[in-house]
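Peer 1: could you work out the structure for the sequence below:
(one chain, ligands or ions: 1)
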Amino acid sequence: MSTALTLDQLPVREELRGKSPYGAPQLDVPVRLNTNENPYPLPEPLVARIAERVAEAARELNRYPDRDAVELRTELARYLTRTGGHPVAFEQVWAANGSNEVLQQLLQAFGGPGRTALGFEPSYSMHSLIARGTNTGWISGPRREDFTIDVEAARRAIADHRPDVVFITSPNNPTGTAVGRETVLALHDAAQAVKPTMVVVDEAYVEFSHGASLLPLLEGRPHLVVSRTMSKAFGAAGLRLGYLAADPAVVDALQLVRLPYHLSAVNQATALAALEHTDTLLGYVDRLKAERDRVVTELRALGLDVTDSDANFVQFGRFDGPGGQHAVWQALLDHGVLVRDNGVPGRLRVSTGTPEENTAFLEAVREVLADLR
Ligand code: PMP
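Peer 2: Residues are numbered from 1 along each chain as shown. Below you'll find the predicted structure:
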């Protein structure tokens, strides 16, 4: 039965009225470089291992899964310890369905009505959307013209707004900009000087960075959180597995808001299989970094303004002609290449694909530029 009821006629919360959901277009075009996915499918031996582990899990699907995901968190801690330059214990790790859910749980625990979160924009739009969904006030902090964070301006924003949570995305999405250790430390200290503030470093893309993870900063800083995901470097966006490292007390806080059994047994088994193949999966990261650097170089050779990237995507522009960046987005789509318009004036973002996809993208850019000039 359809009632032709519209969303606006429902008694939704005031702050959700007239808003649109998050949504990158999922269009069926030859070259899809718009959601920063890893372009390489999982290798066959891993697919077989996932089938095996999921079969084992299936035999017990009549039971609820391990609510605390102990085996999975232990393996994630092992991965972080091996690659992050700092020992991380199982008690410091928490996992959920994508880092989006991790971030939501953080705001459920540390944000909420009467509280605020601050992020330096342009940045990952889900930070502000999750703030809205959890009834946390949102403060848009500043960035410089070149998209780096100006520590002095950031300190002032923190002192003026006294946020309860500060997001630092490094490497940043959509700009690709890494945030240095000194900057993170300065912002962390500036926030603590005002009041106890949770500082969340979103490292979704850190495996693609030229620099190191900020995990070692966790030592002695109980208000610092580093969030990660298996969606990018591990090439498992469809799995939905994100995680964080922080003080064990932060993990205790998240257990107050997480739904019981939030991580299904199938999900835990799949993630564990993927972690057994960490070295193979991370092998793709080097290829993607080399391709990302090629895309940066070739776009610059075409005379475009390209933001330095530490991620698996590249921000390029400027497109200030009629229709702005959106006209160029459409023109690329007409050439069969889907990139992302994140609403940053004059700029677009392209994810790093396979060498063939990147070449097709660069060719499309050449053609579109020729038409524009
Ligand atoms: N953080 C950043 C900066 C992202 O760009 C994304 C995904 N685009 C996420 C977190 C969330 O990823 P997931 O939920 O797949 O872990």
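
Peer 1: and stretch 135-153, which residues are buried?
Peer 2: The neighbour-count criterion (16 or more other Cβ atoms under 10 Å) identifies 135-139, 141, 143, 147-151 as the buried residues of stretch 135-153. Every residue, glycine included, has its C-beta placed from N, CA and C.

Peer 1: should've said stretch 64-82
Peer 2: The neighbour-count check on stretch 64-82 (16+ other Cβ under 10 Å) flags 65, 69, 72-77, 79-80 as buried.

Peer 1: say whether the ligand is contacted by it.
Peer 2: No. Stretch 64-82 is not in contact with the ligand by Cβ under 6 Å from any ligand atom; minimum separation 12.9 Å.

Peer 1: circling back to that earlier point, would JSON lines of the buried residues of stretch 64-82 with secondary structure and distance to residue 350 be doable?
Peer 2: Shown next, in JSON lines, are the buried residues of stretch 64-82 (DSSP: H, G, I helix; E, B strand; the rest coil; distance: Cβ to Cβ, whole Å):
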{"residue": "65", "secondary structure": "coil", "distance to residue 350": "38"}
{"residue": "69", "secondary structure": "coil", "distance to residue 350": "35"}
{"residue": "72", "secondary structure": "helix", "distance to residue 350": "33"}
{"residue": "73", "secondary structure": "helix", "distance to residue 350": "34"}
{"residue": "74", "secondary structure": "helix", "distance to residue 350": "37"}
{"residue": "75", "secondary structure": "helix", "distance to residue 350": "33"}
{"residue": "76", "secondary structure": "helix", "distance to residue 350": "30"}
{"residue": "77", "secondary structure": "helix", "distance to residue 350": "34"}
{"residue": "79", "secondary structure": "helix", "distance to residue 350": "28"}
{"residue": "80", "secondary structure": "helix", "distance to residue 350": "29"}
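
Peer 1: mind putting those into a markdown table with pLDDT?
Peer 2: A markdown table is the format used below for the buried residues of stretch 64-82 (pLDDT from 0 to 100):
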| residue | pLDDT |
| --- | --- |
| 65 | 97 |
| 69 | 97 |
| 72 | 98 |
| 73 | 98 |
| 74 | 98 |
| 75 | 98 |
| 76 | 98 |
| 77 | 98 |
| 79 | 97 |
| 80 | 97 |
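
Peer 1: among those, which one lies nearest to the ligand?
Peer 2: residue 76 (12.9 Å; Cβ to the nearest ligand atom).

Peer 1: and that closest one, how far is that from residue 360?
Peer 2: Shown here: residue 76 relative to residue 360, a distance of 35 Å by Cβ to Cβ, to the nearest Å.

Peer 1: just residue 196 next, same as before
Peer 2: Taken as Cβ to Cβ, the span from residue 196 to residue 360 is 50 Å.

Peer 1: which one's more surrounded, those two?
Peer 2: Neighbours per residue (other Cβ atoms under 10 Å) separate residue 196 from residue 360, with residue 360 holding more: 18 against 10.

Peer 1: wait, that one sits on residue 336?
Peer 2: Yes. Contact status for residue 360 versus residue 336: in contact at 7.4 Å, counting by Cβ atoms under 8 Å.

Peer 1: now do the shared contacts for these two.
Peer 2: 30-31 (Cβ atoms under 8 Å, 6 or more residues apart in numbering).

Peer 1: show me the contacts for residue 28.
Peer 2: Counting by Cβ under 8 Å, 6+ apart, there are no residues that residue 28 touches.

Peer 1: do the same with the one 5 residues further on
Peer 2: Contact criterion Cβ under 8 Å, 6+ apart gives 313, 337-339, 350-353, 357-358, 361 as the residues in contact with residue 33.

Peer 1: going by distance to residue 123, which of those residues wins?
Peer 2: Distance to residue 123, by Cβ to Cβ, is smallest for residue 313 among those, at 13.5 Å.

Peer 1: and the pLDDT at that closest one?
Peer 2: pLDDT for residue 313: 98.

Peer 1: any idea how far it lies from residue 360?
Peer 2: Distance check for residue 313 against residue 360: by Cβ to Cβ, it reads 16 Å.

Peer 1: ditto for residue 369
Peer 2: Counting by Cβ to Cβ, the gap from residue 369 to residue 360 is 15 Å.

Peer 1: flag every residue of the chain that's near the ligand.
Peer 2: Proximity of the chain to the ligand (Cβ under 6 Å from any ligand atom) is limited to residues 36, 98-100, 124, 169, 173, 202, 204, 229, 231, 237, 242.

Peer 1: show me which pair in the residues you listed is furthest apart.
Peer 2: In the residues of the chain next to the ligand, two members sit farther apart than any others by Cβ to Cβ. They are 169 and 237, at 17.4 Å.

Peer 1: look at those two and report which has more neighbours.
Peer 2: The residue with more neighbours, out of residue 169 and residue 237, is residue 169; 26 against 16, by other Cβ under 10 Å.

Peer 1: so who does the closest residue to the more buried one other than its chain neighbours touch?
Peer 2: Closest residue to residue 169 apart from its sequence neighbours, by Cβ to Cβ, 6 or more residues apart in numbering: residue 202 at 4.4 Å. Applying Cβ under 8 Å, 6+ apart to residue 202 gives the contacts 99, 103, 124, 127, 167-170, 227.

Peer 1: picking that back up, and the buried residues of stretch 64-82 as CSV, adding distance to residue 307?
Peer 2: Formatted as CSV, the buried residues of stretch 64-82 follow (distance: Cβ to Cβ, whole Å):
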residue, distance to residue 307
65, 41
69, 37
72, 35
73, 35
74, 38
75, 35
76, 31
77, 33
79, 29
80, 28
